[in-house]
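*Asks:* just the structure for this:
(2 chains)
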There are 2 protein chains.
Amino acid sequence: MQNFNLSRNYATQLDFQDELASFREQFVIDDPDLLYMDGNSLGRLSKASQTRVREVLDDEWGRDLINGWNKNGWWDAPLRIGEKIAALVGAAQGQVLVSDQTSVNLFKLAASALALRAGRKQIVSDAYNFPSDLYVLQGLANLLSPSPLQGEGRVGGRAYELVTFGSRDGITPDLDELESLITEDTALVELSHVTFKSGYLFDMQKITEMVHRKGALVLWDLCHSIGATPVALDDCNADFAIGCTYKYLNGGPGAPAMLYVNKKHQADASSPIWGWWGQSDPFAFNVDYQPADGVARFATGTAPMLSLLAMESALGPALEAGLPRLRSKSLQLSEYLIRLSDEILAPLGFSLGSPRDATVRGSHVSLRHADAYRINRALIEEMKVIPDFRAPDNIRLGLAPLYTTFAEVWETVERMRIVMVEKRYEKYSGQRLKVT
Amino acid sequence: MQNFNLSRNYATQLDFQDELASFREQFVIDDPDLLYMDGNSLGRLSKASQTRVREVLDDEWGRDLINGWNKNGWWDAPLRIGEKIAALVGAAQGQVLVSDQTSVNLFKLAASALALRAGRKQIVSDAYNFPSDLYVLQGLANLLSPSPLQGEGRVGGRAYELVTFGSRDGITPDLDELESLITEDTALVELSHVTFKSGYLFDMQKITEMVHRKGALVLWDLCHSIGATPVALDDCNADFAIGCTYKYLNGGPGAPAMLYVNKKHQADASSPIWGWWGQSDPFAFNVDYQPADGVARFATGTAPMLSLLAMESALGPALEAGLPRLRSKSLQLSEYLIRLSDEILAPLGFSLGSPRDATVRGSHVSLRHADAYRINRALIEEMKVIPDFRAPDNIRLGLAPLYTTFAEVWETVERMRIVMVEKRYEKYSGQRLKVT
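*Replies:* Model prediction:
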């Protein structure tokens, strides 16, 4: 970021030098004045998805009807698309599948991990993990633990226990505490590779080794890293991973999720949900379940094709750009945002809610302010900026390297400045955060 | 079926008298000469879905981006669409939800049922059930049973056992055997309301009472009845139900599935998959899971919106026609097919693989023949007929009352006759069934 300065012209220069700039043209940009800083929640619609979905409707479902399953590659889509995503998460072939939603995939893989480490009763996670992950783990622990309320007890033995580690500042996890929690009783450690609020990026290699040293397994949630941050599942010797496809991969609202099962576990791991799409020969209609070989056994039922095939087409730009270039631009965007924020927003009461160190930062940046909730409302209602708010005090700005421009980053900071100096947030209801 | 005769003209007359005839115009019929007899596997594309999906792409995802979740009713869709489907399955409001796929919903509700009947260790189903249902039940029994392979055992107590009843003729289930299997140890009876092969229609009222007399719970799979056969879940006092939406409801390939939880169980039943869409206040991001009130707690993760909203629009024609008229036409179609088959196909070696009694027949008709596999190939490859084959000897013809015409039924039988008299099936490979 040479010759950094606060001018809009500098942003324009950065866009001019951006080798990914042309990728923005592959997306539908309905209103160029709308500053969309939430591509980390729902990625933009790609032109490829738009075209593909019309084709699936008109030429495939409408015309080929049931024959679409074979003729148009619907049946093979979950594995085929899995292989495409594999290239984005550092996985060799045969380990990635698209299936269900993230929560269901977490349930399936976490249950598999517990079965592979039967006897161990502890699950470790991060108190700052996306709460949904914690819910699924709590539910699984409940399902597989004895309960005095349930008659003779459908389950026996010791109960599963979910323990979490914390953070001193709400940004950087306490890795010493994490290490101290992992014991010979730990079956599974489940972490978001990039945390949803601060955007902290865990060192997958180091943590995976830490977990393996105690004989436990690790499951990585890639929702907030996939498509914007390099992921090297195989090189890190990760055991399991899940991830959603509607954030930086632009798969569309609620597009089916991915899952990864390391080759080394595939012979022994089995899904708790024995679906017919995970059966070895689904159309033999055998009465006794026989799991398919490989990662395919983690499929459940018939995949939602419109959403799935829209997502497949959306992968094109990310695959074409490649993760090194995506990461490079992502970091340029976040560095630029942080520098602007330091100069312009910090004097107005904002502090950085994300790591300053780029090596432990994903592709979104949180800016904290006691009035964050109301500021966020003002940005949306009056300023044509779409960030999102995460309690208690975070305005989260997603930087999607395929289509976010440096000029948009500049303009976002400028509009935030205007909201502050004109006190536009004051008319909105919502409590000011009590600083404790 | 007055003045029945074998002429094509008679079919035309039936179409002329059909009060649902105009509904066919609400569907995309690409090639009127293609006889689509597989609407019970994948329903046709409705014009409403075609229009709606384009709108979701262009005007909602493309333009409203993340705001689509609130502005366009995406977030509420699973419950809103559930309420629409409720009208088709005889359920009062607040009991039906759209979520996941059929297999995942079966897993969730069956697990809930077992928890409600803790201590009882038997699950009863039908050997002629769709194998996928049996797989899910086998997997659940495995998950919740002790296993000597798993160290100290993550579960204790007695193992769950899945037992199935049979059929003397492959068409009509042995209801005496079913009754004899249900004991004080039975937790759950799971049945397909209409069986996938023969189209046998269980008496939901009678079976539900039979199950309840032993204190067990019943879970109905509505995949092959929903949208073509009346279902009265509340009146029958059914406990749970699941069903897919891509057959007679025309929701599209892999469209999300429905689930029903009777009001009486909602306070006590809980999903084994604690998803954030089933959390009481998902955007509070509380760390401890608190299930939502009512059926909503059975939601898991973010629903695939393109597939979901395509399905919502597809419900229009079925809701407008209403089940009494749909059932009436469905039975007319199947009676007509059976009479034509008796006269024309029975002399060519076909026998009826579905109940002759209309009161126990769903909306598809299976015709059995020792050469069924090859005949089915010839129909698809040469005759522009799309039935489907179900081993060992069934050609299954789905009659979708919203768009199947009597002329199509006549023409299907005629083309089957041609395949037989011209021995067109003989060139296809595949074993002739050995009649045992």
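*Asks:* retrieve the pLDDT associated with the closest residue to residue A:44 other than its chain neighbours.
*Replies:* Using C-beta to C-beta, 6 or more residues apart in numbering or on different chains and skipping residues adjacent in sequence, the residue nearest residue A:44 is residue A:27, 4.5 Å away. Any C-beta I mention is one placed from the backbone N, CA and C, and that applies to glycine too. In this prediction, residue A:27 carries a pLDDT score of 98.
*Asks:* OK, contacts around residue A:27?
*Replies:* Residues near residue A:27 by C-beta atoms under 8 Å, 6 or more residues apart in numbering or on different chains: A:44-47, A:250, A:317, A:402-403.
*Asks:* which residue sits closest to residue A:359, ignoring its sequence neighbours?
*Replies:* With C-beta to C-beta, 6+ apart as the measure, residue A:201 is the residue that lies nearest to residue A:359, at 7.6 Å, once sequence neighbours are left out.
*Asks:* any idea what that neighbour is bridged to?
*Replies:* When bridges are assigned using DSSP bridges, the partners listed for residue A:201 are residue A:194.
*Asks:* quick one, what contacts it?
*Replies:* Under the criterion of C-beta under 8 Å, 6+ apart, the contact list for residue A:201 reads A:193-194, A:225, A:229, A:355, A:359-362.
*Asks:* domain boundaries for chain A, per the record?
*Replies:* Per automatic domain parsing, the structural domains of chain A span A:8-30+A:322-427, A:51-320.
*Asks:* need these in a markdown table with distance to residue B:219, can you?
*Replies:* Formatted as a markdown table, the entries for these read as follows, by distance: least, C-beta to C-beta, whole Å:
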| stretch | distance to residue B:219 |
| --- | --- |
| domain A:8-30+A:322-427 | 39 |
| domain A:51-320 | 15 |
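*Asks:* quickly compare those domains and say which is most buried.
*Replies:* domain A:51-320 (a mean of 22; mean count of other C-beta atoms under 10 Å in any protein chain shown).
*Asks:* correct me if wrong: residue A:214 contacts residue A:181.
*Replies:* No - the pair formed by residue A:214 and residue A:181 falls short of the contact definition of C-beta atoms under 8 Å, at 9.9 Å.
*Asks:* which ones are touching the closest residue to residue A:339 other than its chain neighbours?
*Replies:* For residue A:339, the nearest residue in space outside its immediate sequence neighbours is residue A:4; the separation is 5.9 Å by C-beta to C-beta, 6+ apart. In this structure, residue A:4 makes contact with A:10, A:336, A:339, judged by C-beta under 8 Å, 6+ apart.
*Asks:* return the distance of the helix or strand encompassing residue A:310 from the chain's centre.
*Replies:* With secondary structure defined by DSSP states H and E, residue A:310 is part of helix A:305-321. Relative to the centre of its chain, helix A:305-321 is centred 16 Å away, using C-alpha atoms, centre = their mean, to the nearest Å.
*Asks:* again with stretch A:266-274
*Replies:* For stretch A:266-274, the gap between its own C-alpha mean and the chain's C-alpha mean amounts to 23 Å (C-alpha atoms, centre = their mean).
*Asks:* ok, now stretch A:376-387?
*Replies:* Taking the mean of its C-alpha atoms, stretch A:376-387 sits 24 Å from the chain's own mean (C-alpha atoms, centre = their mean).
*Asks:* same question for it, mean pLDDT?
*Replies:* Per-region confidence: stretch A:376-387 scores 97 on mean pLDDT.
*Asks:* show me what that stretch is in contact with.
*Replies:* Under the criterion C-beta under 8 Å, 6+ apart, external residues in contact with stretch A:376-387 comprise A:31, A:33-38, A:388-389, A:395-398, A:412, A:415-416, A:418-419, A:424-425, A:427-428, A:430, B:65-67.
*Asks:* what does stretch A:41-51 give?
*Replies:* Stretch A:41-51 is contacted by residues A:26-29, A:36, A:227, A:246-253, A:310-311, A:313-314, A:316-317, A:388, A:398, A:400, A:403, B:57-58, B:61-62, B:65-66, B:68-69 when judged by C-beta under 8 Å, 6+ apart.
*Asks:* of the contacts of residue A:4, which is the nearest to residue B:141?
*Replies:* Distance from residue B:141 was checked for each of these by C-beta to C-beta. The minimum falls on residue A:336, at 56.2 Å.
*Asks:* quick one: the closest one and residue A:2 touch, right?
*Replies:* No - between residue A:336 and residue A:2 there is no contact under C-beta under 8 Å: 12.0 Å.
*Asks:* so the residue nearest to residue A:339 belongs to a strand, correct?
*Replies:* No - counting by DSSP: H, G, I helix; E, B strand; the rest coil, residue A:4 is not found in a strand; it is coil.
*Asks:* distance check, it against residue A:405.
*Replies:* 17 Å (C-beta to C-beta, to the nearest Å).
*Asks:* so which residues of chain A form strands?
*Replies:* Listed from the start of the chain, chain A has strands (DSSP state E) covering A:35-36, A:96-98, A:122-126, A:161-165, A:186-192, A:217-221, A:240-243, A:258-261, A:351-352, A:364-368, A:385-386, A:388-390, A:394-398.
*Asks:* got those strands as TSV, with distance to residue B:86 columns?
*Replies:* Compiled in TSV, the strands of chain A are given as follows (distance: least, C-beta to C-beta, whole Å):
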stretch	distance to residue B:86
strand A:35-36	37
strand A:96-98	31
strand A:122-126	37
strand A:161-165	36
strand A:186-192	36
strand A:217-221	34
strand A:240-243	32
strand A:258-261	32
strand A:351-352	49
strand A:364-368	40
strand A:385-386	35
strand A:388-390	33
strand A:394-398	37
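*Asks:* show me what contacts residue A:286?
*Replies:* Taking C-beta under 8 Å, 6+ apart as the definition of contact, the neighbours of residue A:286 are A:279, B:131.
*Asks:* do residue A:422 as well
*Replies:* Per C-beta under 8 Å, 6+ apart, neighbours of residue A:422: none.
*Asks:* per-residue pLDDT of it, please?
*Replies:* 98.
*Asks:* cool, and the one 4 residues further on?
*Replies:* Confidence per residue is given as pLDDT, and for residue A:426 that number is 95.
*Asks:* also residue A:156?
*Replies:* Per-residue pLDDT puts residue A:156 at 51.
*Asks:* what about stretch A:49-65, average pLDDT?
*Replies:* Stretch A:49-65 comes out with an average pLDDT of 97.
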